[in-house]
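1. with the input below, show me the fold.
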Amino acid sequence: MTEAPYSGERRPIAAREWKLSQRIAEFLARSGASPNGISVAGAVFGILGGFAFAATSAWPAHAWWLWLVVAVMMQLRLQCNLYDGMVAIATGRASPVGELYNDVPDRISDSAFLIGAGYALHSNVSLGYAAALAAMFTAYIRAVGKAGGARQEFCGPMAKQQRMALLTVTALLCAFAPNARLPAFGSAPEFGILTLALFVIAVGSLITSVRRLLRIAEQLRETPLREHHE
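-> So this is what the prediction gives:
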């Protein structure tokens, strides 16, 4: 496998500049951790989190600790997203398939969390799929823009980190306030606070897609035509 200096565009994350994050990345690099392996681990955490979400419906008596598992899995997934690129830089290498490992596990994690959230206790299945589809569309717009020659657009208001932050807070609320419901729909068991979170994610992701599309179109209009054919 040919190796080349890592030069991929990365999502802006403030935690990359933290000394602790840099030391952990250096430790992982010295330990021989693979950036691609870290990316795959992120997908595994996403799938486990999605199952934990759905399991709250099957075992409502044990839901409180399943909500906590969900919150932990989401944060571990985000840590993987942070350190895969940092380890790639620390080792100064990237594999030719690194972009695939960077994006595909992310999409699997997003879909697992959001679809799992739809099957969770006091949630709505249709909204789970709608949120997953809308989240996937934000990534699709970004990928199409990159293929067309634009910079990668990571703008929100409902990019990956915002989606995971909202779901984490919601899972913790469900854990520590298990009887929480939307006030206006208190008598309908499928309308819990998780339903509201999925609705916000679905709508916010659509707004994010439109914003990215407009920004990408503006970039491409400013790019000389000949560059699109190189």
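2. quick check, central residue of the chain?
-> Nearest residue to the geometric centre of the chain (C-alpha atoms, centre = their mean): residue 160, 3.9 Å.
3. quick check: it touching residue 11?
-> Yes. Because the distance of 7.4 Å satisfies C-beta atoms under 8 Å, residue 160 is recorded as touching residue 11. To be clear about C-beta, it is placed using only N, CA and C from the backbone, and glycine gets the same treatment.
4. need the overlap of contacts for these two.
-> Shared contacts of residue 160 and residue 11, defined by C-beta atoms under 8 Å, 6 or more residues apart in numbering, comprise residue 81.
5. the residue nearest to the centre of the chain and residue 122, how far apart?
-> 25 Å (C-beta to C-beta, to the nearest Å).
6. quick one: contacts for residue 130?
-> Residue 130 neighbours (C-beta under 8 Å, 6+ apart): 198, 202.
7. please apply the same query to residue 45.
-> Counting by C-beta under 8 Å, 6+ apart, residue 45 has contacts 73-74, 76-77, 80, 109.
8. find the helix or strand that it is a member of.
-> helix 35-58 (DSSP states H and E).
9. now that helix: average pLDDT?
-> For helix 35-58, mean pLDDT is 95.
10. in it, what counts as buried?
-> For helix 35-58, the neighbour count (16 or more other C-beta atoms under 10 Å) marks 35-36, 38-56 as buried.
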